[in-house]
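Trainee: this one's sequence-less:
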């Protein structure tokens, strides 16, 4: 059964982990935490796969890059 998860839940997962992620590590963490059949929603897009969500978040500057990978760019999180 597919579950729809809001993209903010993925950002919150990243913040709780207090670590950086490569693209592959982030996809694996999303699959592990939310399940491989989950779909993701945001204010302007619905039903995204984990890969599509990552592309969506990258395009909207939701990550900052540090030496150990991507971290949430907290100043870019909307209230939605």
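Mentor: Noted; the coordinates are in hand. Remember, it's a predicted structure, so these values are computed and weren't measured experimentally.

Trainee: Let me see the confidence value for the residue sitting nearest the centre point of the chain.
Mentor: Nearest to the centroid of the C-alpha atoms of the chain, with distances taken as Cα atoms, centre = their mean, sits residue 10, at 4.1 Å. Model confidence at residue 10, expressed as pLDDT, equals 97.

Trainee: now residue 79
Mentor: Note for residue 79: predicted pLDDT of 67.

Trainee: Please give the number of neighbouring residues around residue 72.
Mentor: When neighbours are defined as other Cβ atoms under 10 Å, residue 72 has 19 of them. In this view, the C-beta of every residue, glycine as well, is placed from N, C-alpha and C.

Trainee: And for the one 5 residues further on?
Mentor: By other Cβ under 10 Å, the residues close to residue 77 number 14.

Trainee: quick one: it from residue 62, how far?
Mentor: To residue 62, residue 77 is 7 Å away according to Cβ to Cβ, to the nearest Å.

Trainee: Now do the shared contacts for those two.
Mentor: residue 11 (Cβ atoms under 8 Å, 6 or more residues apart in numbering).
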